[in-house]
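**Student:** my questions concern the predicted model and sequence given below.
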Amino acid sequence: MVTYRAEQHAPPSADQAEAHWTQARTLHDIMEQRLLTPLFQPVVLLSDNTIYGYEALIRGPSDSVLHTPDNLFDTALRAGRLLELDLLCRQAALQSYKEQRLTGKLFLNINPACLLQPDFKPGLTLQHMAALGMDPEQVVMEITEHTPIHDHTVLHNAALHYKTMGLEVAIDDLGAGYSGLRLWSELRPDYVKIDMHFVQGIHEDVVKRKFVQSIHEIALTLNCKVIAEGIETKEEYLAIRDLGIPMGQGYYFSRPHAIALRMLPQAVMMAGRMRSSQFHLRSSQRFSTTAALIMERASIRPSLTFHEVGELFCGAPHLSSLPVVREDNVPVGLVRRNQFMNVFASRYGRELHSKKPVARFMDKKPLIVDQNLPLEKLSKLVTSESGLQMSDEFIITARGHYAGVGTLTDLLRKITDLQVRNARYANPLTLLPGSVPINECLDDLLQKRWAFVMCYCDLDNFKPFNDVYGYARGDEAIKLLAGILAEHAHDRHDFVGHIGGDDFIVVFLSQDWQQRCRSILQRFEREILHLYDAGHRAAGGMWAKDRRGHELFYPVMSLSIAAVEAPSGRFSTHHEISVRAGEIKHQAKSMSGNSLFIDRRTADHSADQLPLLN
């Protein structure tokens with residue numbers, strides 16, 4: 001039995017009843033005359049700021065009290081015409097999408113309460129799409145949950161209903177509805193949209209970043225695409241993008257328009273290009289991304305016939321799969337040789353299916369990953385996929401477009417090679433990359449002529465601490481610093497290495513590197529005190545012998561960071577920048593307390609000094 005319950009309200013007053021009657025009449029006129037205007041807001045691929053698709057929104061007449069969707073649908077609910085209005089809105093959106101000859105996905109909002117209406121008839125959306133000549137793969141049904149539905153089977157049935165029709169499903173406003181993560185786990189949608197609450201001000205809120213990062217990691221394991229809603233500023237866009245979220249929408253890109261925007265504003269495109277250059281540089285470094293697995297493989301169109309694909313497999317015995325790609329170079333499926341040939345070679349297989357399009361026989365939900373996905377994350381994603389065999393292939397994309405295929409065998413081999421190499425060159429205490437990977441990182445950046453900042457991090461008063469407390473506690477201090485550096489460096493844009501002893505290198509591509517350095521110094525100043533005994537903490541340091549045997553007082557350990565800015569062309573090799581870092585390290589250590597010394601020496605050989613936390 002369905003347990004959908006509308007919110008309970010007190011009976012309306014006479015004035016309210018009259019207003020409701022007037023609004024119901026207005027609604028009737030709007031529906032009779034089809035005075036509904038669909039607006040389209042772009043859904044953007046954040047990797048290159050291209051338009052992935054559009055969300056269709058609806059508006060009533062601009063001079064009407066029912067102009068806004070909230071008033072429009074509230075009135076329809078009171079009048080018992082919710083389903084009728086919902087269908088009209090969908091038809092208007094589909095019609096306008098087709099008339100404007102838009103490409104990409106069309107996201108259509110659906111209230112699951114409509115499925116509970118007594119006059120609900122399944123298949124009407126599909127019928128209207130067929131009349132317009134639209135393919136089900138073009139449409140995503142976006143399930144909203146703005147009123148509580150206490151029986152989750154209603155939502156589950158809604159998702160199953162549309163998936164059975166060949167449509168994809170999205171959950172809207174994840175984190176704002178009445179069910180949250182439970183709804184996600186039960187419906188297994190193709191897309192989840194993060195509620196704008198988690199997006200607004202995310203560049204200034206560590207907690208929001210952690211939430212969004214967790215959502216993204218869950219989505220990767222479920223092969224689900226994430227869309228961040230409500231991006232309104234450049235800072236929010238960059239923060240969302242840096243977290244690896246693949247798609248977004250909001251006023252920063254475009255407001256909804258009746259005539260759909262086909263290209264984003266120039267300022268938005270430029271911001272994307274500037275950021276993507278750094279992003280691709282870091283993620284491709286050391287061949288640790290999915291890009292290293294790409295094998296070129298010719299693709300086929302969804303319209304190719306069953307017979308034609310069978311001939312391709314028969315003529316190329318080495319082919320284990322064929323990617324199915326639309327004319328806009330977006331992959332939509334994968335034809336796996338074994339499954340296909342079982343049907344093709346069956347007694348009546350060719351006769352029954354010869355002229356049917358191959359789209360009917362492809363895997364519509366293959367594993368599709370971006371070339372910038374780190375291999376470690378791909379490995380976790382693959383292990384969470386049930387039913388995958390070592391011989392299976394997956395599709396790799398570049399900015400949402402088909403780039404090639406990869407195999408699980410190659411992934412396993414590459415992961416093994418990376419693990420062996422990392423173990424060989426890692427520092428045994430901190431397991432951070434040692435001198436060889438550090439030098440490779442610097443040379444890679446210099447060769448590509450990208451601007452970056454190299455920070456040499458060194459502990460002050462470490463030797464007396466080690467002498468008094470012993471090497472075990474000294475190791476704890478080194479591991480503490482390693483953890484702080486790794487935590488504050490961006491895991492995809494920045495690089496942390498351990499030269500040896502208490503010397504570390506951080507290579508920053510993050511634009512907010514100075515703030516990250518300040519946070520490192522502040523965190524270290526707080527945490528290091530826990531490694532001192534109470535008496536030494538109270539005294540602010542300890543007495544110990546220097547190298548000549550003289551008893552001296554040494555303050556509590558501090559951290560010196562020597563930062564070398566490396567604009568394009570200033571240095572040619574890792575040796576040159578290392579020499580310069582060593583020179584200014586002495587100047588940084590001459591400053592008392594936790595400090596950051598910034599070297600900006602160019603042609604005028606000047607340097608800036610910025611002491612912190614003294």
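**Tutor:** Yep, it's here.
**Student:** CA only for contacts and neighbour counts going forward, please
**Tutor:** Fine.
**Student:** list the contacts for the residue lying closest to K225 once chain neighbours are set aside?
**Tutor:** Leaving aside its sequence neighbours, K225 sits nearest to Y191 (CA to CA, 6 or more residues apart in numbering; 4.7 Å). Counting by CA atoms under 8 Å, 6 or more residues apart in numbering, Y191 makes contact with V169, A170, I171, C224, K225, V226, I227.
**Student:** change it to 6 Å
**Tutor:** A170, C224, K225, V226 (CA atoms under 6 Å, 6 or more residues apart in numbering).
**Student:** who wins for most neighbours among those?
**Tutor:** Within those, neighbour counts (other CA atoms under 10 Å) peak at A170, which reaches 28 neighbours.
**Student:** quick check: I51 is in a helix.
**Tutor:** No - applying DSSP: H, G, I helix; E, B strand; the rest coil, one finds I51 to be strand, outside a helix.
**Student:** correct me, but it touches V44?
**Tutor:** Yes - using CA atoms under 6 Å, I51 makes contact with V44 at a distance of 4.6 Å.
**Student:** just confirm A130 is within a helix.
**Tutor:** Yes - counting by three-state DSSP, A130 is found in a helix.
**Student:** roughly how far apart are it and K225?
**Tutor:** 26 Å (CA to CA, to the nearest Å).
**Student:** over to G582?
**Tutor:** Taking CA to CA, one finds G582 at 45 Å from K225.
**Student:** and the residue nearest to K225, what pLDDT?
**Tutor:** Note on Y191: pLDDT of 93.
**Student:** so what's it bridging to?
**Tutor:** A170, K225 (DSSP bridges).
**Student:** list the contacts for L66?
**Tutor:** Taking CA under 6 Å, 6+ apart, one finds G60, L72 in contact with L66.
**Student:** what's the helix or strand for it?
**Tutor:** Using DSSP states H and E, L66 sits in no helix or strand.
**Student:** what's the helix or strand for T153?
**Tutor:** Assessed by DSSP H and E, T153 sits inside helix 152-164.
**Student:** any idea of the mean pLDDT in stretch 552-563?
**Tutor:** Mean predicted confidence for stretch 552-563 is 95.
**Student:** who's in contact with it?
**Tutor:** 454-461, 540-545, 585, 588-589, 593-599.
**Student:** of those, keep whichever come out buried.
**Tutor:** Buried residues within the contacts of stretch 552-563, counting neighbours by 16 or more other CA atoms under 10 Å: 454-461, 541-542, 544, 585, 588-589, 593-599.
**Student:** put the alpha carbons of the one helix or strand S519 maps to into PDB.
**Tutor:** Counting by DSSP H and E, the element that carries S519 is helix 513-527. Output in PDB follows, covering the C-alpha atoms of helix 513-527 (Å, rounded to 0.1, in the frame of the first residue of the first chain):
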ATOM      1  CA  TRP A 513      50.500  27.900  -1.900                       C
ATOM      2  CA  GLN A 514      51.300  30.700   0.500                       C
ATOM      3  CA  GLN A 515      48.200  30.000   2.500                       C
ATOM      4  CA  ARG A 516      49.000  26.300   2.500                       C
ATOM      5  CA  CYS A 517      52.500  27.100   3.900                       C
ATOM      6  CA  ARG A 518      51.000  29.300   6.600                       C
ATOM      7  CA  SER A 519      48.700  26.500   7.600                       C
ATOM      8  CA  ILE A 520      51.600  24.000   7.700                       C
ATOM      9  CA  LEU A 521      53.600  26.300  10.000                       C
ATOM     10  CA  GLN A 522      50.600  26.900  12.300                       C
ATOM     11  CA  ARG A 523      49.800  23.200  12.500                       C
ATOM     12  CA  PHE A 524      53.400  22.200  13.100                       C
ATOM     13  CA  GLU A 525      53.700  24.800  15.900                       C
ATOM     14  CA  ARG A 526      50.800  23.200  17.700                       C
ATOM     15  CA  GLU A 527      51.500  19.600  17.100                       C
END
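**Student:** would you tell me what the next helix or strand after that helix is?
**Tutor:** helix 534-539.
**Student:** helix or strand right after that following helix?
**Tutor:** With elements assigned by DSSP H and E, the helix or strand that comes after helix 534-539 is strand 541-545.
**Student:** who does that next one pair up with?
**Tutor:** Assessed with DSSP bridges, strand 541-545 is paired to strand 551-555 (antiparallel).
**Student:** chain center to the partner strand, what's the gap?
**Tutor:** Put simply, strand 551-555 sits 50 Å off its chain's centre (CA atoms, centre = their mean, to the nearest Å).
**Student:** please apply the same query to stretch 21-37.
**Tutor:** 41 Å.
**Student:** likewise for stretch 325-343?
**Tutor:** How far stretch 325-343 lies from its chain's middle: 26 Å, per CA atoms, centre = their mean.
**Student:** reformat the contacts of Y191 as TSV; add distance to S578 and pLDDT.
**Tutor:** Shown next, in TSV, are the contacts of Y191 (distance: CA to CA, whole Å; pLDDT from 0 to 100):
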residue	distance to S578	pLDDT
A170	50	92
C224	43	87
K225	42	90
V226	41	94
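**Student:** between those, which is nearest Y532?
**Tutor:** V226 (45.5 Å; CA to CA).
**Student:** need the nearest residue in space to that closest one, chain neighbours excluded.
**Tutor:** Nearest non-adjacent residue to V226 (CA to CA, 6+ apart): V192, at 5.1 Å.
**Student:** from H498, how far off is P118?
**Tutor:** 67 Å.
**Student:** between the two, which one's more packed in?
**Tutor:** Comparing P118 with H498 by neighbour count (other CA under 10 Å), the higher total belongs to H498, at 25 against 8.
**Student:** quickly find the element holding that one.
**Tutor:** Assigned by DSSP H and E, H498 falls in strand 495-500.
**Student:** repeat for V405
**Tutor:** Counting by DSSP H and E, V405 is found in strand 401-407.
**Student:** which parts of the stretch 1-150 of the chain are strands?
**Tutor:** With strands called from DSSP state E, counting those that start in this stretch, the stretch 1-150 of the chain shows them at 37-45, 50-59, 105-110, 139-143.
**Student:** what's the third one packed up against?
**Tutor:** If contacts are counted by 3 or more CA pairs under 6 Å, 6 or more residues apart in numbering; DSSP states H and E, strand 105-110 sits against strand 50-59, strand 139-143.
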